[in-house]
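Peer 1: Next come a sequence and a model predicted from it.
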Amino acid sequence: MTLLENIRGPRDLKDLRAEDLPRLSAEIRDVLIQTVSRTGGHLGPNLGVVELTMALHRVFDSPADRIVFDTGHQSYVHKLLTGRYGQFDTLRQRGGLSGYPSRAESEHDVIENSHASTSLSYADGLAKAYEIRGETDRCVVAVIGDGALTGGMAWEALNNIAGAKDRRVVIVVNDNGRSYQPTIGGLADHLATVRTSQRYEQVLDYIKTTLTHAPLFGPPLFETLHGIKKGIKDVLQPQVMFEDLGLKYLGPVDGHDEQAVEYVLARARDFGGPVLVHVITRKGFGYPLAEQNDEDCLHQVGPAAPVVPAAAASAAPAARKRKWTEDIFAPELAAIGTARPDIVAITAAMLHPTGLNLFAAACPDRVFDVGIAEQHAVTSAAGLAMGGLHPVVAIYSTFLNRAFDQVVMDVAMHKLPVTFVLDRAGVTGPDGASHHGMWDLSLLSLVPGMRVAVPRDGARLAELLREALAVSDGPTALRWPRGTAPEDVAAVGRLGSMDVLRDAGGDARDVLLIGAGPMAITCAEVADRLADQGIGVTVLDPRWVQPLDPALAAEAARWRLVVTVEDSGERGGVGDAVARLLREHDVETPVRTFGIPQRFLDHGDRAEILDDLGLTPQQLARMITEMVARRSPELEPERQA
């Protein structure tokens, strides 16, 4: 058996000899590469924290000592060392291990939130709770990357942590100079200087080892000379800001030297107050393909391509299906930016994942990476708009939650032309509960003056993006799901600003079926199934779901039943907006809505989750047929048959 196979928990890890640890780290990296290359997931971040995670579990006593991982995508090694090696091949698979910490999986997992810059606030609260309960022997350890430190919430927490001198909080800064891409800003510049100059620590070590051996006057003399520490820092490297906040600072230490990390963590554990340990690592360490990947060090990789039979492999390769963000949005925005000098773009540390890389190449002076700081991104966009520009804020749908106040009070209240483009909206798949973008439509429905478009396919994304960027008197938003865009579906007609995808024609007016975004294409398939049952259906794609076109109310009055379908939260979503529109126009046609119930969804394939939610063409067609039959006596015998 390998060493890793024998690790059933942190106690087994503590029992290993120091000379066995390099072998264990190699085994862990092998498992990471083999498994994540197959299942997909965050490879680079986990390769970079192997020794650091081993040292954490050898020094601290989890779960009595709480280890909180910021963001959590670097927790795979933690899972392997806390008894989950046997299930690791199920990583990110339906019913398997989550790609983030999961309280349901292990007592060693503290939080499940995969949003950045939160760990220090959790740690602050946990430490306060232990102090109140008299559990002063427990440590709280927060592992946060230099990228996550660009988030303002982290600094709010630091301010509180530093103010309590006797709470046992250990902050481990995993400094690899990157989030997705290289970390930017003043903090990044400061850490880079510290990272590349260790003369200060060498001088202190020299003073300590030399003077403490001097007879009689040694220790007092050392204490006196230690008082010139600040001056030494000023001469040999820039001031370490963390000590100025009142935090004990240890480091920097080589994060791939397990014994060195153990030593400094043990000092931090025994200090008795808040300590910041500065650990320098390399993202993707130990795997050349990751270390040499300039874009993101293989931050996240997709599942391996399936093996194809030789006969199929020899055939002409099939055309690659277009992806929403990289193949449609990215080139379209770059083209618009080239033609319009007022267009600027903002990313919160995710230039490539949000599709701004082509815009950055075409218009390098008009793209701004603000770090993992969504709130700042939105209010900075407001300032850009006040300055006469039209900002595009490219952000994952689920991360917009963090900046809702800024959307309302800083952008919408000032009626500013800011366009939010929300990737990974709706059901996103294997990243789990915190990444499903099911909140955006509900939240944006509350924002006065907000216009929201939901494209059903690539052609509509390009079309609606240009329409949004033409708006000059208020904010706009577009949202689309993760991954591959469906084939373009042309409209067969138009009703106001809405597209008609299927037209019942004749006098049969059973169901007006309204689909938001890609679910409009699902609705077209539903309509084809219903037509086979003799049910008259017209399918509308609203294109702009906020505000809805008033023509929809007049049309709905002509139908027996209105049905809405969306892959977003049911409360406050498109269905609620349609029902409200009909009430406001005194239209009595009943409305039935289909969407995502307001609950946190597990991880899994998008198609599997939509099937669980009853949002497939077959399931929707069956339910709608039953609804029509209840309202149409002439169909009842056929339904019973």
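Peer 2: All right, it came through fine.

Peer 1: Tell me the pLDDT of Thr484.
Peer 2: Confidence at Thr484, expressed as pLDDT, is 92.

Peer 1: From what I see, it and Arg320 are in contact.
Peer 2: No: look at Thr484 against Arg320 with Cβ atoms under 8 Å: they stay out of range, at 9.1 Å. The way it works is simple: take the backbone N, C-alpha and C, and place the C-beta from them, glycine included.

Peer 1: higher neighbour count, these two?
Peer 2: Neighbour totals were compared for Thr484 and Arg320, and Thr484 leads with 14 against 8 (other Cβ atoms under 10 Å).

Peer 1: Phi, psi for the residue nearest to the more buried one when sequence neighbours are not counted please.
Peer 2: Of all residues not flanking Thr484 in the chain, Lys321 sits nearest, at 4.6 Å (Cβ to Cβ, 6 or more residues apart in numbering). The phi/psi pair for Lys321 (degrees, to the nearest 10) reads phi -70, psi 140.

Peer 1: For burial, what's the neighbour tally of Lys321?
Peer 2: Neighbour tally, Lys321, other Cβ under 10 Å: 11.

Peer 1: Repeat that for Gly48.
Peer 2: Neighbours of Gly48 using other Cβ under 10 Å come to 28.

Peer 1: pLDDT below threshold where in this structure?
Peer 2: 113-114, 178-241, 294, 296, 299, 304-319, 632-641 (pLDDT under 70).

Peer 1: If you count residues, where's the longest helix of it?
Peer 2: helix 21-39 (DSSP state H).

Peer 1: Helix or strand next in line after that helix, which one?
Peer 2: helix 44-47 (DSSP states H and E).

Peer 1: got the contact list for that following helix?
Peer 2: For helix 44-47, the surrounding residues in contact (Cβ atoms under 8 Å, 6 or more residues apart in numbering) are 29, 32-33, 36, 73-77, 145, 283-287, 290, 293, 296-300.

Peer 1: what do you get if the cut-off is 6 Å, keeping everything else the same?
Peer 2: 32, 73-74, 76-77, 283-287, 290, 297-299 (Cβ atoms under 6 Å, 6 or more residues apart in numbering).

Peer 1: Out of the residues you listed, who's the most crowded?
Peer 2: Going by other Cβ under 10 Å, Tyr76 tops the contacts of helix 44-47 with 29 neighbours.

Peer 1: separation between the residue nearest to it when sequence neighbours are not counted and Asp20?
Peer 2: The shortest distance from Tyr76 to any non-neighbouring residue, by Cβ to Cβ, 6+ apart, is to Asn46 (4.2 Å). Noted for Asn46: a distance of 21 Å to Asp20, by Cβ to Cβ, to the nearest Å.

Peer 1: One more: Leu540?
Peer 2: Taking Cβ to Cβ, one finds Leu540 at 65 Å from Asp20.

Peer 1: okay, the two: which has more neighbours?
Peer 2: Remark: of Leu540 and Asp20, Leu540 carries more neighbours, 29 against 12, as counted by other Cβ under 10 Å.

Peer 1: which strands and helices sit next to the helix or strand containing the more buried one?
Peer 2: Element membership for Leu540 (DSSP H and E) is strand 537-541. Counting by 3 or more Cβ pairs under 6 Å, 6 or more residues apart in numbering; DSSP states H and E, the packing neighbours recorded for strand 537-541 are strand 498-502, strand 511-515, helix 519-532.

Peer 1: who wins for proximity to Pro590 among the ones you listed?
Peer 2: For those, distance to Pro590 was read as Cβ to Cβ. The smallest value, 10.8 Å, belongs to strand 511-515.

Peer 1: Neighbouring strands of the closest one in the sheet, and parallel or not?
Peer 2: strand 537-541 (parallel), strand 561-569 (parallel) (DSSP bridges).

Peer 1: Who are the contact partners of the spatially closest residue to Gly255 that is not a sequence neighbour?
Peer 2: Leaving aside its sequence neighbours, Gly255 sits nearest to Thr281 (Cβ to Cβ, 6+ apart; 3.6 Å). By Cβ under 6 Å, 6+ apart, Thr281 lies in contact with 48, 174, 176, 255.

Peer 1: Please name the residues that touch the last one.
Peer 2: Shown here is Gly255, whose contacts under the criterion Cβ under 6 Å, 6+ apart are 52, 279-281.

Peer 1: try it again with 7 Å
Peer 2: By Cβ atoms under 7 Å, 6 or more residues apart in numbering, the contact set of Gly255 is 51-52, 174, 261, 279-281.

Peer 1: And the longest helix of the chain, how far out from the chain middle?
Peer 2: 24 Å (Cα atoms, centre = their mean, to the nearest Å).

Peer 1: Please save the CA atoms from it in PDB.
Peer 2: C-alpha atoms of helix 21-39 as PDB (Å, rounded to 0.1, in the frame of the first residue of the first chain):
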ATOM      1  CA  LEU A  21       7.000  13.200   3.900                       C
ATOM      2  CA  PRO A  22       8.600  13.800   0.500                       C
ATOM      3  CA  ARG A  23       7.300  10.500  -0.700                       C
ATOM      4  CA  LEU A  24       3.800  11.300   0.600                       C
ATOM      5  CA  SER A  25       3.800  14.600  -1.200                       C
ATOM      6  CA  ALA A  26       4.800  12.900  -4.400                       C
ATOM      7  CA  GLU A  27       2.000  10.400  -4.000                       C
ATOM      8  CA  ILE A  28      -0.500  13.200  -3.400                       C
ATOM      9  CA  ARG A  29       0.500  15.000  -6.500                       C
ATOM     10  CA  ASP A  30       0.200  11.800  -8.600                       C
ATOM     11  CA  VAL A  31      -3.300  11.300  -7.300                       C
ATOM     12  CA  LEU A  32      -4.200  14.900  -8.000                       C
ATOM     13  CA  ILE A  33      -3.000  14.800 -11.500                       C
ATOM     14  CA  GLN A  34      -4.600  11.500 -12.400                       C
ATOM     15  CA  THR A  35      -7.900  12.200 -10.800                       C
ATOM     16  CA  VAL A  36      -8.500  15.800 -11.700                       C
ATOM     17  CA  SER A  37      -7.300  15.200 -15.300                       C
ATOM     18  CA  ARG A  38     -10.200  12.700 -15.500                       C
ATOM     19  CA  THR A  39     -12.900  14.500 -13.500                       C
END
